[in-house]
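*Asks:* model this:
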Amino acid sequence: MAENVCFLDCMKYAKDCLGIEFELKDKQIETLRSVYEGNDTLAVLPTGFGKSIIFQLLPFMFQRKFGRRQPMITIIVTPLNSIMQDQVQSLTKRGIPACFLNIEGTGVKTFVDGKRYQKSFQDEDSDTDIEEVVISSAPLQDVKKGNFCLIYAHPETLVDKKDFGKVLRSTVFQERVCAIVVDEVHMISEWGKEFRNSFDKLGNLTCLFPDVPHLALTATATKSDIARLSEVLQYRDTQFVIANPDRPNIYLEIRSRLPNIRKFEKFDNILAEIVSELSDKLDRYPVTIAYCNNLEAIGYAYVYTEQKLGPRAYIPQEGVPENRIFGSFTSVPQPP
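*Replies:* As a prediction, this is how the structure comes out:
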């Protein structure tokens, strides 16, 4: 019972530090508890579940657990700059010291107070909007000193760059790193062998930090994937947290169009119901993706919808592309 109270107290402290007032989901708490207890953990949680909140709480949860004066350090391995930038921006807006590294491990980016940063570039009477935070470079020395409690990095930075390897082996990092997190861990299966083989070497981090818990997160993993990922990461006595992927707010339906003869007439029958409801509800119509299997069908669906909706296709102002309530997208290059 005492241990349970201690965990709940540490979790509450971490939530307060991040300004989180809502209740965490059961699987978020289960994942946090597993990591808190020192377990290597692999969590499969649906998209939009709130996976990032879990690892953002860790520096403060372990600060409380071990009675440290300052937050501990969590290193997050993630494959995309856009993910790093978005999360660091969100954290710094809340006053959390976070940063992301370039792939060489030599450059550091964070966000700073926009008003303070831009003050010297504007007149006092200027009415130009100033962003709340703006991206800025930070000295690598700040990372080495442990001034950031959440550090985002590419796998190449952490397993291939010898200079940054020295940082990871430094006394500061060996004493203050409380967890290593691999976000979007399914990328090991997708990219590990052929495209970005550093993903396949992330088990080195488990060996480099043998005394801290390791956490891997994904929304996409089969049973065979899970077993392989745990092996590649060299996790020990892995604890698995798996949430039901069912999303009751998402509905899938497949409709087939009869081929060849009067094909567009048959296509109209499929589109008419969708467009009629869209015309009635407009911006109250639920977000919908209609997948067509060829460019001809996509083009026809777009023109059909445009003709049926007319000026009602724009909210609030007709003729402004950004205000259109429908659009077409394709990954196939259009012919010249």
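*Asks:* show me what counts as buried in stretch 21-28.
*Replies:* Counting neighbours by 16 or more other C-beta atoms under 10 Å, one finds that the buried residues in stretch 21-28 are 24, 27, 28. Heads up, the C-betas are built off the backbone N, CA and C, glycines and all.
*Asks:* list the contacts of stretch 54-73.
*Replies:* 6, 9-11, 13-15, 17-18, 20, 28, 31-32, 35-36, 43, 74, 76, 87, 91, 96-97, 146, 148-151, 173, 176-179, 181, 183, 215, 217 (C-beta atoms under 8 Å, 6 or more residues apart in numbering).
*Asks:* which secondary structure elements does whichever strand or helix holds residue 90 sit against?
*Replies:* For residue 90, the host element (DSSP states H and E) is helix 81-93. If contacts are counted by 3 or more C-beta pairs under 8 Å, 6 or more residues apart in numbering; DSSP states H and E, helix 81-93 sits against helix 51-66, strand 98-101, strand 108-113, strand 133-138, strand 150-153.
*Asks:* give me the next element, helix or strand, following the last one.
*Replies:* In other words, strand 150-153. Moving toward the C-terminus from strand 150-153, the next element (DSSP H and E) is helix 155-159.
*Asks:* and the helix or strand just after that following helix, what does it pack onto?
*Replies:* Following helix 155-159 in sequence order, the next helix or strand is helix 162-168 (DSSP H and E). Secondary-structure packing of helix 162-168 (3+ C-beta pairs under 8 Å, 6+ apart): helix 155-159.
*Asks:* mind listing what the residue nearest the centre of the chain touches?
*Replies:* For the chain, residue 83 is the residue whose C-alpha lies nearest the centre (C-alpha atoms, centre = their mean; 5.3 Å). By C-beta under 8 Å, 6+ apart, the contact set of residue 83 is 152, 183, 184.
*Asks:* tell me which of these has the lowest pLDDT.
*Replies:* pLDDT across the contacts of residue 83 is lowest for residue 184, at 86.
*Asks:* my read: that residue touches residue 82, true?
*Replies:* No: Residue 184 is beyond contact range of residue 82, at 11.8 Å (criterion: C-beta atoms under 8 Å).
*Asks:* pick out whichever of those two has more residues nearby.
*Replies:* Between residue 184 and residue 82, counting by other C-beta atoms under 10 Å, residue 184 is the more crowded of the two (20 against 9).
*Asks:* give me the phi and psi for the more buried one.
*Replies:* The phi and psi values for residue 184, taken as degrees, to the nearest 10, are phi 50, psi 50.
*Asks:* over to residue 215?
*Replies:* phi -130, psi 130.
*Asks:* ok, now which ones touch it?
*Replies:* Per C-beta under 8 Å, 6+ apart, neighbours of residue 215: 31, 35, 40-43, 54-55, 58, 179-182.
*Asks:* any idea how far it lies from residue 201?
*Replies:* 18 Å (C-beta to C-beta, to the nearest Å).
*Asks:* buried sites along stretch 46-54?
*Replies:* Buried, per 16+ other C-beta under 10 Å, within stretch 46-54: 46, 49, 51, 52, 53, 54.
*Asks:* next, format the residues you listed as TSV and append distance to residue 164.
*Replies:* Shown next, in TSV, are those (distance: C-beta to C-beta, whole Å):
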residue	distance to residue 164
46	33
49	31
51	25
52	23
53	27
54	25
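*Asks:* domain assignment for the chain?
*Replies:* Following automatic domain parsing, one gets these domains for the chain: 2-242, 263-323.
*Asks:* most neighbours per residue, which of those domains?
*Replies:* domain 2-242 (a mean of 18; mean count of other C-beta atoms under 10 Å).
*Asks:* return the distance of that one from the chain's centre.
*Replies:* 11 Å (C-alpha atoms, centre = their mean, to the nearest Å).
*Asks:* picking up where we left off before, looking at the domains of the chain, spot the one closest to residue 329.
*Replies:* domain 263-323 (8.3 Å; C-beta to C-beta).
*Asks:* what average pLDDT does that closest one get?
*Replies:* Rounded mean pLDDT across domain 263-323 is 82.
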